[in-house]
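Q: Dropping a prediction and its sequence here:
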Amino acid sequence: MNRRLGRSFFARDALDVAPELLGKVLAAGACRGRIVEVEAYRSDEPASHTFRGRTPRTTVMFGPAGHLYVYFTYGMHHCANIVTGADGDGQAVLLRAVTPLAGADVMRSRRGGAAGRPVADRRLADGPGKLCQAFSLDRTANGLDLCARRDAGVTVVDDGTAPPEQPIVTPRIGIRMATDLPWRWVAPDGFR
DNA sequence: GCCTGGATTGTCT
DNA sequence: GACAATCCAGGCA
């Protein structure tokens, strides 16, 4: 099976979409990676960019589900989210980590490649910033429609792998303002 | 306009 | 385990 996820998959509450994204496949060009770690963000909690209402940056996140919301942080890193919920909700699921299924060599070269020791495949995209680097996602990818009739270049597909029955659920990482909401989901074995 | 701090990572100790 | 790197969004004057 190799089915692109449709708009209806994403147009639900982020708390429902996030755990079901575990095991799905992120595909961009020749690169494919299985999603193993996600976090949910909603406009009703202060850790979210959308908590304080719509701004130029967060316009995409307030838009229709199934779009990519990519933002720049810490002066050097990008983070990729998938917009969820109804149009105007301001929800998203942050993609924190994937394990490469295809195109690992391309990811490795994008990550700086030859410098230093060889990087194990599963370490190539095991963080939000690294994931974006490996899949070449930056601000130009912000607002891409994953469900567009014509492939926008980045999609999420279901290859038949079921989400883990008992994902590890923890508070989110790196949040300072926030609340200890257990809105982070991790695949127990990383689908290894 | 200026100022502050961040949904991180890599490197050094 | 600690911290520097580095740029931009958002808040405030």
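A: Ah, there it is.

Q: Quick check, A:Thr161 in contact with A:Ile35.
A: No - using C-beta atoms under 8 Å, A:Thr161 makes no contact with A:Ile35, being 9.9 Å away. Bear in mind the C-beta positions are built from the backbone N, C-alpha and C, glycine included.

Q: more crowded one of these two?
A: A:Ile35 (28 against 15; other C-beta atoms under 10 Å).

Q: and the more buried one, helix, strand or coil?
A: Of the three states, A:Ile35 takes strand according to DSSP: H, G, I helix; E, B strand; the rest coil.

Q: Contacts only, for it.
A: With contacts defined as C-beta atoms under 8 Å, 6 or more residues apart in numbering, A:Ile35 is in contact with A:Leu21, A:Leu22, A:Gly23, A:Lys24, A:Val25, A:Leu26, A:Leu95, A:Ala97, A:Val98, A:Val156, A:Ala187.

Q: pLDDT below threshold where in chain A?
A: A:113-117, A:176-179, A:192 (pLDDT under 70).

Q: before we move on, back to that, now the contacts of A:Ile35 in CSV, with neighbour count, secondary structure and distance to DNA strand B?
A: Output for the contacts of A:Ile35, formatted as CSV (neighbours: other C-beta atoms under 10 Å; DSSP: H, G, I helix; E, B strand; the rest coil; distance: C-beta to the nearest atom of the strand, whole Å):
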residue, neighbour count, secondary structure, distance to DNA strand B
A:Leu21, 25, helix, 13
A:Leu22, 23, coil, 16
A:Gly23, 19, coil, 20
A:Lys24, 19, coil, 17
A:Val25, 21, strand, 19
A:Leu26, 26, strand, 15
A:Leu95, 28, strand, 9
A:Ala97, 22, strand, 8
A:Val98, 28, strand, 11
A:Val156, 20, strand, 16
A:Ala187, 22, coil, 17
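
Q: joint contacts of A:Thr161 and A:Ile35?
A: With C-beta under 8 Å, 6+ apart as the test, A:Thr161 and A:Ile35 both reach A:Gly23, A:Lys24, A:Val25.

Q: now the helices: where do they sit in chain A?
A: A:7-10, A:14-21, A:104-110, A:128-134 (DSSP state H).

Q: Is any residue of the third one near DNA strand B?
A: No - taking C-beta under 7 Å from any atom of the strand as the criterion, helix A:104-110 and DNA strand B are apart, separated by no less than 10.9 Å.
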